[in-house]
Each structure stands twice: as C-alpha cells, then as structure tokens.
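Peer 1: Need a 3D model of the following:
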Amino acid sequence: MWRASKQRALGIVDTLHSPAQHQQFLDQHLAKQCRVTLAIDKQNDEVLGLIAYDSMWVHQLYIHVDYQHRGIGSRLLGLAKQHSEGSLQLHNFECNQGAQRFYEKHGFVLLEQGSCDNEEQLPARLYLWLKR
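Peer 2: As a prediction, the model looks like this:
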C-alpha cells in the first residue's frame, strides 16, 4: 500500500529502494521513532492508510490508491493534530499537488519551497499547521 501510494503521488517508480528495504525502513525507523497508526479494512484485512508522526512532525501519510478521497487521510491527520504540541510541520514533494491541496484544506500553510534535501532529490515544500 505504502509503496504504491508513494509511487502514484510522485508519478515515478522508486528505483532507489527494494520492497525489502522499504519494509525495513517501516519496521526499523518509523515504528521505532514515530507513532504509527494504520487504517485497516477489517473485513478484507487490508491496510487502507498509514500515518507516522510525533508531537511536532508528520513524517509519513499515505492512503491506499483505491481508497483515496474517502476521509481516511483526514481522520489520520486528525490523530496527529490531537497528539501535537499545538503545531505540526511536514514536507511534501512539489510534484504531489493533490497532497498540497489536502494539507492546505486542513489548515497547513506553506513556509518554504524548493528544497531538494531528500533521497529522491525532488523539490519539496515545508508546511506548518498551528492549532487555533
């Protein structure tokens, strides 16, 4: 789910990492350093979405490509907001305009754009949300 959603969001196939390397990243990095919440379809035992966050950052938010635009991302993002210290930051790839609309709809404002300080070497944006 995570890999397919990321590939659709970026419009490119990830050639930097194998599925096994992605699994290791999820298990060894995200699961140990972030709060990770999954949205699961219990009838089909299928992961519909994933969010990894801490009190200050949303590190990952991906929704299964077949279940986007159904409110799953909004509910997961709401959890991160509830557990925040009153603000959240996140990075978003500039090519992922759908996610930009999503975050802006949920109160995030653009702080910076153009940074390529990521493995993919793609321009990214830095967003900030402040609790009101």
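
Peer 1: rest of the way, CA atoms for contacts and neighbours
Peer 2: Noted.

Peer 1: Report the secondary structure state of Leu88.
Peer 2: Here Leu88 is strand, with the state taken from DSSP: H, G, I helix; E, B strand; the rest coil.

Peer 1: Just list whatever residues bridge to it.
Peer 2: For Leu88, the beta-bridge partners are Trp129 (DSSP bridges).

Peer 1: Who are the contact partners of the most centrally placed residue in the chain?
Peer 2: The centroid of the chain falls nearest to Leu61 when counting by C-alpha atoms, centre = their mean (2.0 Å). Residues near Leu61 by C-alpha atoms under 8 Å, 6 or more residues apart in numbering: Gly49, Leu50, Ile51, Ala52, Gly73, Leu77.

Peer 1: I'd assumed it was in a helix, is it?
Peer 2: No: using three-state DSSP, the secondary structure at Leu61 is strand, not a helix.

Peer 1: That one and Tyr103: what is the separation?
Peer 2: 11 Å (C-alpha to C-alpha, to the nearest Å).
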